[in-house]
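# need a 3D model of the following:
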Amino acid sequence: MTVSATAFPRAPVEVDAVAIARDLAVRFAQTAAHHDRTGEFPTANVRALFEKGLLGLVTAREQGGLGEGLEAAQAVISAIATGEPSTALVLAMHYNNHAAIRRGQWPSHLAERVLAANRRRPALLNAAQAEPGMGSPAHGGLPATTARREGEHWIIDGRKSFVTGLTGLAFANVLALTQEPAPRLIQLLVPLDAQGISQVKTWEAAGMYATASDDLVLRDVRVPIDHIIAEQPASEPLRRDEAGGNVFFTLLAAVYQGVATSARDDLLGHLTQHSPSSLGQPLASIPRLQEGLGEIEVLLAANARLLQSVSRDVDAGRSVDTDAMMLRHLVIENAVRVTDLALELGGNRGLRRDYHLERHHRDAVTARAHAPQSHMIRTILGKAAIARFNAASHAARLTG
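Model prediction:
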């Protein structure tokens, strides 16, 4: 499927969103270690993003946003992640969902409700699809969360896991199975101040701790009957569109590019400023460490080029096929490698919390948990390669 060129029309250059993001990242970095230790949700960071207009980055200008595309969005996410990556991941999920609104995939009355809230206050939005029993819908299976109709309302019961940013969300796009003779999979807009909503602290991860990716519990939660965002027969796998995948994979990868960039910067600070008495000059003068830094530069440069190229193609309306999926795989694996190298080259100090390298490594490794995981992507791509080869071989036999 070719992504429409109207998915992300470019906005007039009036606000340098990337420069704003870089400035904010410097501020966010000052409390990043605190959020890592405590898991406290970065509420002040989200407020700052709102005040600078960045929560509306991908919202159309006529709807009160900045009207920017994927190239700007991934650059903003990477910049924010250099300061505080949990904030960046929450923002990436917010952008991913608002990009679907921008593409016209939401009913207009629901889109306007969310957009109006986003103009007035920090009204974060994310999907709630994974569950304790099912895991991610990417693995298949039906949700245990149910929606039954009662008059002009849906009554929702269930529990969702790994809801990134849950503490700060205003709305969730909740996946549920209808209790009907012919069940449907429906996605419902649920305001998280509704009666029957509760949260359970379950996110005790080694990295990205402040994302508050906790469990959302819904008990007899009532939402109007017209709050359906999308629907399909329950007998079909959950539908995903190519445009949405391109945005999600690119923004997710951008988070961990920012993490890896911070690891490089902190490593450079250590190697250029520390001069052991036995050496008599900075550690950066050692050829082995210079080579290691060079490898890091190669990995970061490759990531940056991939992110820029794919996002530009998406903004221009060109089909990128599976490139965004491969980008997600490569950028994340490269980011993990960068932080691994930073730990190795940092020596004993690399393990100290006050040098931050071990924090960057924990954050980067956490990326491997995002579905679809790298092994799933490789399997998808491998099957596609086999199918292409078999098709070409069959065609050759027919013409030969």
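
# Phe171 contacts Asp193, correct?
No. Between Phe171 and Asp193 there is no contact under C-beta atoms under 8 Å: 9.5 Å. All C-beta atoms are positioned from the backbone trio N, CA, C, and that covers glycine.

# more crowded one of those two?
Phe171 (21 against 8; other C-beta atoms under 10 Å).

# so what's that one up against?
Counting by C-beta atoms under 8 Å, 6 or more residues apart in numbering, Phe171 touches Val114, Ala117, Ala123, Leu124, Leu125, Leu189, Val190, Pro191, Leu192.

# for Val190, same thing?
Listed by C-beta under 8 Å, 6+ apart, the contact partners of Val190 are Ala128, Ile156, Phe171, Ala172, Asn173, Val174, Ile197, Leu218, Val221, Val223, His227.

# what strands flank the helix or strand where it lies, and is each parallel or antiparallel?
Secondary structure assignment for Val190, by DSSP states H and E: strand 184-191. Looking at strand 184-191 with DSSP bridges, its partner strands are strand 169-178 (antiparallel), strand 228-233 (antiparallel).

# put the alpha carbons of the shortest one into CSV.
Right, strand 228-233. Provided in CSV are the C-alpha atoms of strand 228-233 (Å, rounded to 0.1, in the frame of the first residue of the first chain):
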residue,chain,number,x,y,z
ILE,A,228,-15.8,3.2,18.6
ILE,A,229,-12.5,4.3,16.9
ALA,A,230,-12.3,1.2,14.7
GLU,A,231,-14.0,-2.2,14.4
GLN,A,232,-13.6,-5.5,12.6
PRO,A,233,-14.8,-9.1,12.9
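
# which positions within that strand qualify as buried?
Across strand 228-233, burial judged by 16 or more other C-beta atoms under 10 Å covers Ile228, Ile229, Ala230.

# residue nearest the centroid of this structure?
Of all residues in the chain, the one closest to the mean position by C-alpha atoms, centre = their mean is Leu252, 3.5 Å from it.

# can you give me the buried ones in the longest helix along the chain?
As assigned by DSSP state H, the longest helix anywhere in the chain is helix 242-273. The neighbour-count check on helix 242-273 (16+ other C-beta under 10 Å) flags 242-264, 266-267, 270-271 as buried.

# can you give the domain ranges for this protein?
17-123, 137-233, 242-389 (automatic domain parsing).

# now those in TSV, with mean pLDDT?
Putting the domains of the chain into TSV (pLDDT from 0 to 100) gives the following:
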stretch	mean pLDDT
domain 17-123	98
domain 137-233	96
domain 242-389	95
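
# highest mean neighbour count out of those domains?
Stretch with highest mean neighbour count among the domains of the chain: domain 17-123 (a mean of 21; mean count of other C-beta atoms under 10 Å).

# how far does it sit from its chain's centre?
11 Å (C-alpha atoms, centre = their mean, to the nearest Å).

# and it, end to end?
For domain 17-123, the first and last residues are 19 Å from each other (C-alpha to C-alpha, to the nearest Å).

# make 729 the starting number, not 1.
All right, first residue 729 from here; so that's domain 745-851.

# show me the contacts for the nearest residue to Ala816 once chain neighbours are set aside.
Distances taken as C-beta to C-beta, 6 or more residues apart in numbering place Ala809 nearest to Ala816, at 3.6 Å, with adjacent residues excluded. Applying C-beta under 8 Å, 6+ apart to Ala809 gives the contacts Ala753, Thr815, Ala816, Leu817, Ala982, Val983, Tyr984, Gln985, Gly986, Val987, Thr989, Ser990.

# Ala809: which element?
Here Ala809, judged by DSSP H and E, is contained in helix 798-811.

# my read: Tyr984 touches Val1093, true?
No. When contacts are counted by C-beta under 8 Å, Tyr984 is not listed as touching Val1093 (9.6 Å).

# what sits in contact with each of these two?
Common neighbours of Tyr984 and Val1093, using C-beta under 8 Å, 6+ apart, are Val1064.

# helix, strand or coil for Ala1099?
coil (DSSP: H, G, I helix; E, B strand; the rest coil).

# gap between it and Met936?
15 Å (C-beta to C-beta, to the nearest Å).

# and if you look at Gly767?
10 Å.

# again, but for Leu1085
From Leu1085 to Met936 the distance is 16 Å (C-beta to C-beta).

# could I get the full set of strands for the stretch 779-928 of the chain?
852-856, 874-878, 881-891, 897-906, 912-919, 925-928 (DSSP state E, counting those that start in this stretch).

# relative to strand 852-856, how tilted is the helix or strand following the last one?
Think strand 925-928. Downstream of strand 925-928, the next assigned helix or strand under DSSP H and E is strand 942-952. In terms of direction (axes from the mean of the first three to the mean of the last three C-alpha atoms, to 10 degrees), strand 942-952 departs from strand 852-856 by 100 degrees.

# may I have strand 942-952 exported as CSV, CA atoms only?
C-alpha atoms of strand 942-952 as CSV (Å, rounded to 0.1, in the frame of the first residue of the first chain):
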residue,chain,number,x,y,z
ASP,A,942,1.6,-0.1,34.3
ASP,A,943,-1.7,-2.0,34.2
LEU,A,944,-5.0,-0.3,33.4
VAL,A,945,-7.9,-2.0,35.1
LEU,A,946,-11.5,-1.4,33.8
ARG,A,947,-14.5,-2.4,35.9
ASP,A,948,-17.9,-1.6,34.5
VAL,A,949,-16.5,1.4,32.7
ARG,A,950,-19.2,3.1,30.7
VAL,A,951,-18.5,5.0,27.4
PRO,A,952,-21.0,6.2,24.8
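
# show residues contacting it.
For strand 942-952, using C-beta under 8 Å, 6+ apart, the contacting residues are 856, 860, 873, 878, 880-889, 891, 894-895, 900, 902, 916-920, 922-931.

# how does it look with 6 Å?
856, 881-884, 886-889, 891, 894, 916, 918, 922, 924, 926-931 (C-beta atoms under 6 Å, 6 or more residues apart in numbering).

# stretch 748-768 too?
770, 773, 776, 780, 804, 807-808, 810-812, 815, 937-938, 1087.

# can we see that at 8 Å?
So stretch 748-768 is contacted by 769-770, 772-773, 776-777, 780-782, 803-804, 807-815, 931-932, 937-938, 940, 990, 1081, 1084, 1087, 1091 (C-beta under 8 Å, 6+ apart).
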